[in-house]
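1. heads up, no residue letters with this:
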């Protein structure tokens, strides 16, 4: 009975604001350490919230250089976390098993790298209005690499290419629920016999002027800029918003 087929998590990989692997992240969780800190990825001095939970000291040299040019920040987190998970599991797709491997990953809302958007704005909309004729000479708008890595399915494409996964693949886009829903999808895929193994999880990075400004306008972020380590406290009576984070699992 496939409905009763046992499903196990055999390997885990993590890139988080409190650690770039499973061991360091788990130690930080046990110690109750927060990943909140002043934003370093851009100048946030003009925002009401100037703190976030950034991934720190991330080494993207671990990402295959042939894939790096196709990957935005969140994709690089995903590739590193996936490699950790495969190493932890001790199993990988092979030419013989590739079609019996699936991939289900949750991806975030920001598909375009902020630097690419800034390049297009400076070239084609510097005065606040879009000049469509300038897009023809826009270095970002005309770069096929920028187009490829800005697609909503770019992350899963990189993962399936890197690990030669040729079975069922799906990218989940349901905001904060994406990663959890992807795990549920992976469970169902194995239970119904569509595949035998699945690379599953989620990845995101929204710590940019667009991400911060959007959530500031929603009054959703904590503005406890002087105490970033205490700012994220969702179950506290004095809670006043959350912190944007980033990473992959």
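-> Yep, that arrived. The structure presented is a predicted model; accordingly, all values stated were derived computationally and were not measured. Residues are numbered from 1 along each chain as shown.
2. packing partners for the longest strand anywhere in the chain?
-> In the chain, with assignment by DSSP state E, the single longest strand is strand 197-205. For strand 197-205, the packing partners by 3 or more Cβ pairs under 8 Å, 6 or more residues apart in numbering; DSSP states H and E come out as helix 73-89, strand 101-107, helix 154-163, helix 178-191, strand 246-248. Just so you know, the C-beta spots here come from the backbone N, C-alpha and C atoms, and that holds for glycine as well.
3. relative orientation of that strand and helix 154-163 in degrees?
-> Using axes from the mean of the first three to the mean of the last three Cα atoms, to 10 degrees, the inter-axis angle of strand 197-205 relative to helix 154-163 is 140 degrees.
4. direction included, what does strand 197-205 pair up with?
-> Strand 197-205 sits in its sheet next to strand 101-107 (parallel), strand 246-248 (antiparallel), going by DSSP bridges.
5. just for the chain, where's the confidence low?
-> For the chain, applying pLDDT under 70 flags the ranges 1-3.
6. what ranges do the helices span in it?
-> Taking DSSP state H, the helices of the chain run over residues 22-31, 65-68, 73-89, 114-124, 144-149, 154-163, 178-191, 209-217, 228-231.
7. among those, which comes closest to residue 95?
-> Nearest of the helices of the chain to residue 95, taken as Cβ to Cβ: helix 154-163 at 12.1 Å.
8. could you dump the helices of the chain to TSV with mean neighbour count and distance to residue 106?
-> Listed next are these as TSV, based on neighbours: other Cβ atoms under 10 Å; distance: least, Cβ to Cβ, whole Å:
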stretch	mean neighbour count	distance to residue 106
helix 22-31	14	18
helix 65-68	12	20
helix 73-89	22	10
helix 114-124	16	21
helix 144-149	14	18
helix 154-163	21	9
helix 178-191	18	3
helix 209-217	17	17
helix 228-231	18	25
